[in-house]
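> 3D, please:
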Amino acid sequence: MKLRSILVILVLTTGVLHARIDKDIIVDLSEFSRMIVRDKGRLKPMETYAKSTLLQFTSRTTIRRKISAVQWLATVMFDPAQALDEKIFRINHHEVVDALGIEPEDKFRYSYTQLFPALSRLHNLAVTADNIERDKRKIAENELLRLYTNVTHFMRIMQSFSFAQPAPEFTIENKKLKQRLGLSTDQTHFTYLNLIDKAKNLLEAMQPESTVSDSSLTFAAFGLANSMKGWSEQSSALPPSLFPVTMRGQEAPEWQSPWKVLNTQHLASTWSDEIMALARASDAFRRGDQQQFDEELRAVNKKVAAAAGADVVGNISTELRYNKLNAFYRSKIFYVLALVLAFVSLLIFHKVLDWASLAMSIIAWLFNVTGIVLRMLITGRPPITNLFETFVFVSAAGVLLALILRFVSKNRLMSLIPPICGFAMMMISGRYSSEGDTMNVVMAVLDSNFWLATHVVTITLGYAGMVVAGVIGHIYLVQNAFPAANSLETKSSTYRMIYGALAFGLIFTFLGTVLGGIWADQSWGRFWGWDPKENGALLIVLWGAVIFHAKLGGMVKDIGVAAGSVIGVIFVMLAWFGVNLLGIGLHSYGFTTGAARALFIFILFELLFAGAFSWLAAVKQSTPPQSTTPIR
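Below you'll find the model as predicted:
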């Protein structure tokens, strides 16, 4: 963290604070949404960049439930003064609020205006926290660093197109200097863009021999040059990267920001028309001129698309369709409908409602799979490359397995399993999507499409099988705890489904573990290294084997198998993402901030559930049924 950088951005932002215009801007942002931006190693539409950025800041994709992420980002970039009071910075820890000396908010969200007086204090606290080793930081210190990162990123975004906006540093009162630079003498406030091509004239104005009779001209010229130099040095790394630039000897283009292009002479000549178009679009946005705004951005998009190539444009179009469909959100809605219908059908024993529940589950599953397929087309990768994708994949795989078991068994209780599995996994996946873009570049350790499609998919199918078995195990324990409400045939059918799902999960987890060993041998030169992730997978295999052997050996009965399947879900979660909490090992690549507490609560609940309902079921089974024969 560089104090000088943050202070320069503060200076650049100060002009924005005094330029606020109270007016509503209503602009169709379809052309803005289509703009191609390179962020975090991949090309994406501006719409995705907006959503992931706002998610990172505030854990939501809208503001006040009416301002979309794209509307917000366009305002931040083109008219930042209008975005200063939006409460977008989420602060989860009260100690951070107290340390900054700001008034607490009920909804834990704060605006830039509220944080502005405390920015220096935030910087100092963040530097102190950054000097502490990661594993020794407290929750509040991690929260400080997260807030600092978000605030500085917001400040950088505000300066994206500031070259087209007048700034206090470029106020020129000296009439002779304006004449020397070829500027209008009637104008006082200028933009960086007005001055960037005046460098030669400015240099001449600074020469001693030309200013002997007027020292004020020299002073004004040097002050202006100093401001230009400061802006140039600090602005080249500002986002977003919008222009593909192919250097000599390179096949793939490097994407550069408008500021970088503007400050690089040979690049500026290539993209000068587009830079001017962005400046005019910025002005049109502030004036609410829809037609000019669209025309300017359409011209930029046309040239960028031609330079980027048809494949890139195709991927961007696919991602825009993916964003518009919002398949995973729709799948969650249908999973909830399916679950409600399944419960109601069991309460009133209505067959039509049961079939309606299954129909909702199938529709939800189709949305789930559609989302996965679209992500594969966008990234050119197999379906699983990060923790978010493991959950949506397990949701789809688990629901499909549960639906097959439902149709095979004809047990109406099984109609509960698809929506429970699907909705639970989709809700957990939402926890990981709230941290921003979920399609970022794959880490080097995972950069193999073959092994991602074999080892990762196979072992994740094993996870899905074990999870489905665990969910059915919950239902079977409840059935036996309240035997009067369930027939022997229904309980027998449920038990068989546990067995089938466990077998599926054990087989695929074993195959996935073996394939993982082969991949490890190719990548790291050893088949097995007792890595935490490897140990977790082994635990699942061993636990599944223990359940089957204990049943076959007569050591446990049906209740023991059901309880074992419930506990098996704990092993799955520990192997799935719990090992990442350790922060060690070659497989520690998942983002799991804040997951430790939730995982501990889940484990405790599952242990209590398995223990309590197993005991209750055992008591019910050992209690002889009361005789209905009258006593004589």
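> For residue 311, give me the pLDDT.
Model confidence at residue 311, given as pLDDT, is 93.
> What helices and strands are in contact with whichever helix in the chain runs longest?
For the chain, the longest helix by residue count, based on DSSP state H, is helix 488-524. In terms of contacts (3 or more CB pairs under 8 Å, 6 or more residues apart in numbering; DSSP states H and E), helix 488-524 is packed against helix 387-409, helix 457-481, helix 532-552, helix 558-576. Backbone N, C-alpha and C define where each C-beta goes, glycine included.
> I'd like to know how far the nearest residue to residue 455 once chain neighbours are set aside sits from residue 525.
Nearest non-adjacent residue to residue 455, counting by CB to CB, 6 or more residues apart in numbering: residue 515, 4.0 Å away. For residue 515, the distance to residue 525 equals 17 Å [CB to CB, to the nearest Å].
> between these two, who's got more neighbours?
Remark: of residue 515 and residue 525, residue 515 carries more neighbours, 17 against 8, as counted by other CB atoms under 10 Å.
> any low-confidence regions in the stretch 451-600 of the chain?
484-486, 580-595 (pLDDT under 70).
> let's see it at 50
For the stretch 451-600 of the chain, the stretches flagged by pLDDT under 50 are 584-593.
> got it, and the chain?
Residue ranges of the chain with pLDDT under 50: 1-8, 11, 17-22, 24, 210-212, 584-593, 627-632.
> in what helix or strand does residue 268 lie?
In this assignment (DSSP states H and E), residue 268 forms part of helix 265-287.
> and that helix, what does it pack onto?
helix 69-78, helix 192-196, strand 243-245, helix 258-262, helix 290-308.
> Would you mind writing the CA trace of it as PDB?
Provided in PDB are the C-alpha atoms of helix 265-287 (Å, rounded to 0.1, in the frame of the first residue of the first chain):
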ATOM      1  CA  GLN A 265       1.900   8.500 -27.700                       C
ATOM      2  CA  HIS A 266       1.900   5.700 -30.300                       C
ATOM      3  CA  LEU A 267      -1.200   4.200 -28.700                       C
ATOM      4  CA  ALA A 268      -3.100   7.500 -28.500                       C
ATOM      5  CA  SER A 269      -2.800   8.000 -32.200                       C
ATOM      6  CA  THR A 270      -4.400   4.600 -32.800                       C
ATOM      7  CA  TRP A 271      -7.300   5.100 -30.400                       C
ATOM      8  CA  SER A 272      -7.600   8.900 -30.500                       C
ATOM      9  CA  ASP A 273     -11.100   8.800 -32.000                       C
ATOM     10  CA  GLU A 274     -12.300   6.300 -29.400                       C
ATOM     11  CA  ILE A 275     -10.900   8.400 -26.600                       C
ATOM     12  CA  MET A 276     -12.700  11.400 -27.900                       C
ATOM     13  CA  ALA A 277     -15.900   9.300 -28.200                       C
ATOM     14  CA  LEU A 278     -15.600   8.300 -24.600                       C
ATOM     15  CA  ALA A 279     -15.200  12.000 -23.600                       C
ATOM     16  CA  ARG A 280     -18.300  12.900 -25.600                       C
ATOM     17  CA  ALA A 281     -20.200  10.000 -24.100                       C
ATOM     18  CA  SER A 282     -19.300  11.100 -20.600                       C
ATOM     19  CA  ASP A 283     -20.600  14.600 -21.400                       C
ATOM     20  CA  ALA A 284     -23.800  13.100 -23.000                       C
ATOM     21  CA  PHE A 285     -24.400  11.000 -19.900                       C
ATOM     22  CA  ARG A 286     -24.300  14.000 -17.600                       C
ATOM     23  CA  ARG A 287     -26.600  15.900 -19.900                       C
END
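> can you pull the buried residues of it?
For helix 265-287, burial by neighbour count (16 or more other CB atoms under 10 Å) applies to 267-268, 270-271, 274-275, 277-286.
> and it, how far out from the chain's middle?
31 Å (CA atoms, centre = their mean, to the nearest Å).
> contacting residues around it?
Helix 265-287 is contacted by residues 21, 25, 27, 74, 77-79, 161, 163-165, 191, 193, 196, 243, 245, 256, 258, 260-262, 290, 292-293, 296-297, 299-300, 303-304 when judged by CB atoms under 8 Å, 6 or more residues apart in numbering.
> Now do it against helix 69-78, angle only.
110 degrees (axes from the mean of the first three to the mean of the last three CA atoms, to 10 degrees).
> Can you report how many residues lie near the nearest residue to residue 564 once chain neighbours are set aside?
In space, residue 564 comes closest to residue 547 once its chain neighbours are excluded; the distance is 4.1 Å by CB to CB, 6+ apart. Neighbours of residue 547 under the rule other CB under 10 Å: 24.
> My guess is residue 547 contacts residue 502. True?
Yes - between residue 547 and residue 502 there is a contact under CB atoms under 8 Å: 6.4 Å.
> Mutual contacts of these two, please.
Listed contacts common to residue 547 and residue 502 are 561, 565, 568; contacts here mean CB under 8 Å, 6+ apart.
> and which of those residues is nearest residue 401?
Of all the shared contacts of residue 547 and residue 502, residue 401 sits closest to residue 565, with 13.7 Å by CB to CB.
> Report how many residues lie close to the closest one.
Neighbours of residue 565 under the rule other CB under 10 Å: 29.
> Wait, it touches residue 544, no?
No - taking contacts as CB under 8 Å, residue 565 lies outside contact range of residue 544: 9.0 Å.
> tell me which element the residue nearest the centre of the chain falls in.
Nearest to the geometric centre of the chain sits residue 436, at 2.7 Å (CA atoms, centre = their mean). In the assignment (DSSP H and E), residue 436 maps to no helix and no strand.
> Wait, it touches residue 50, no?
No - applying CB under 8 Å as the test, residue 436 and residue 50 come out as separate, 11.3 Å apart.
> What segments of the stretch 1-150 of the chain are strands?
Per DSSP state E, counting those that start in this stretch, the stretch 1-150 of the chain carries strands over the ranges 36-39, 42-45, 62-63, 67-68, 89-90, 109-110.
> Of all those strands, which one is nearest residue 380?
Nearest to residue 380, of these and by CB to CB, is strand 42-45 at 10.4 Å.
> From the rest of the structure, what touches the closest one?
With contact meaning CB under 8 Å, 6+ apart, strand 42-45 is reached by 33-38, 255, 308, 312, 315-316, 319-320, 323, 379, 437, 439-441.
> make it 6 Å
For strand 42-45, the external contacting residues (CB atoms under 6 Å, 6 or more residues apart in numbering) are 36, 312, 316, 319-320, 441.
> Flag every buried residue along stretch 440-457.
440, 442, 446, 448, 451-452, 454-457.
> which ones are touching residue 449?
residue 382 are the contacts of residue 449 under CB under 6 Å, 6+ apart.
> Now with 7 Å, please.
Contact analysis of residue 449 by CB atoms under 7 Å, 6 or more residues apart in numbering lists 381-382.
> likewise residue 157?
Taking CB under 7 Å, 6+ apart, we find residue 157 in contact with 76-77, 239.
> In TSV, list those residues along with distance to residue 233 and neighbour count.
Formatted as TSV, those follow (distance: CB to CB, whole Å; neighbours: other CB atoms under 10 Å):
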residue	distance to residue 233	neighbour count
76	23	24
77	21	24
239	17	19
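> returning to what we had before: what angle separates the longest helix of the chain from helix 558-576?
Orientation of helix 488-524 against helix 558-576 (the same axes, to 10 degrees) gives an angle of 30 degrees.
> Can you give me the buried ones in helix 488-524?
Under the neighbour-count criterion of 16+ other CB under 10 Å, helix 488-524 has 490-491, 493-495, 497-502, 504-517, 519-520 buried.
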